[in-house]
Every structure is written in structure tokens, then in C-alpha cells.
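>>> Starting from these lines, generate the structure:
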Amino acid sequence: SKMQRWRIGGIICLISVLQQASPGPACRISEYPCRNGRCIRLDHYCNGNDDCGDKSDEPTYCTVCNRTYYGDVGKTYDLHVIKPVETRLPFLCHLTFTANGQSHGDIVQLIFDEFKVGRYESQALDGCPDGYMQ
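Next up, the predicted model:
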């Protein structure tokens, strides 16, 4: 950084002019931009690992929910929605998946390794068993 001095009424003012680093290449829409300039896959955001190397992809209380995921043709992505604690119910998680088009169109294939909605509430007259929605 460059330092410049000015004397104003007997007070010395130091002004630091920071030279900004030229920004690196922008991340693709299917990537998450880390604070350090790296780009990581969107599904690596909030996965419990410091994939950026500066922890910017793992902020406190982060979630994979309520985000839009853009995919690249031929790539497979892995998302884990963590079961909320009982005090955080009801739980709502919006996930939007968007294909990037091109010659393959806008087709998104979703495969669930495990999927469960609802929970059983015995005190409710019309309680739903696990795996069903009300």
C-alpha cells in the first residue's frame, strides 16, 4: 500500500491507499465464490468441510436450504439436508435446481438416497406415520 501524509492545522493525517488486487476470473454460475478468490462447487457450500481454505463456505448457522443450485452437464452433486432439532419444527427447506440448458435442454435428474417427510404425533387425532405428509 502507498502512504501519503498531509499536515492539516498541525495534525498529521495518514491516508493509506490500498492497491486492490486485480480480481481473478469470475466463478461460473454453478460455483460458489470464496472470499479468497477460489471457486468451489455449489454443493460444497455448507457441507461441513472448509473447501475454500478460508472457511467462507462454512459460515455459522449455514444451511443448504433456501438456495438455487445450477448444474453442469454430466456432473453429479451431493447435498445433505440435516434433520432439524425438535425445537426448530416445523421445518421448511426450499431447494431449487436449474439446468444450464445448452444442447441437452433443461433436464434435471434427482435421485434421493434417503427421503422422509412428516413425523408421527400420537397426541394428534389425525397424526401421520413417519414418511407421510399432512
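>>> For this structure, which helix or strand comes out least confident on mean pLDDT?
Every helix and strand of the chain was ranked by mean pLDDT, DSSP states H and E. The lowest is strand 11-17, at a mean of 46.
>>> shaky segments in this structure?
For the chain, applying pLDDT under 70 flags the ranges 1-25, 100-105, 117-134.
>>> any chance you could map the strands in this protein?
Applying DSSP state E to the chain gives strands spanning 2-8, 11-17, 31-33, 39-41, 67-70, 95-98.
>>> Neighbouring strands of the third one in the sheet, and parallel or not?
To tie it back to what came earlier, the one meant is strand 31-33. Sheet pairing of strand 31-33 (DSSP bridges) gives strand 39-41 (antiparallel).
>>> Residues in contact with the partner strand: which ones?
25, 27-28, 30-34, 51-52, 57, 75, 77 (Cβ atoms under 8 Å, 6 or more residues apart in numbering). The way it works is simple: take the backbone N, C-alpha and C, and place the C-beta from them, glycine included.
>>> for the closest residue to Cys34 other than its chain neighbours, what are its contacts?
Spatially, and ignoring its direct neighbours in sequence, Cys34 is nearest to Cys52 (3.5 Å; Cβ to Cβ, 6 or more residues apart in numbering). Taking Cβ under 8 Å, 6+ apart, we find Cys52 in contact with 32, 34-36, 38, 40, 58.
>>> What subset of the residues you listed is buried?
Buried members of the contacts of Cys52, counted by 16 or more other Cβ atoms under 10 Å: 32, 34, 38, 40, 58.
>>> want to try JSON lines for the residues you listed, with distance to Leu95 as columns?
Listed next are these as JSON lines, based on distance: Cβ to Cβ, whole Å:
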{"residue": "Tyr32", "distance to Leu95": "15"}
{"residue": "Cys34", "distance to Leu95": "22"}
{"residue": "Arg38", "distance to Leu95": "24"}
{"residue": "Ile40", "distance to Leu95": "18"}
{"residue": "Glu58", "distance to Leu95": "19"}
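>>> Tell me which two of those residues sit farthest apart.
Arg38 and Glu58 (13.5 Å; Cβ to Cβ).
>>> Between the buried ones among the contacts of Cys52, which sits nearest Asn66?
Tyr32 (14.7 Å).
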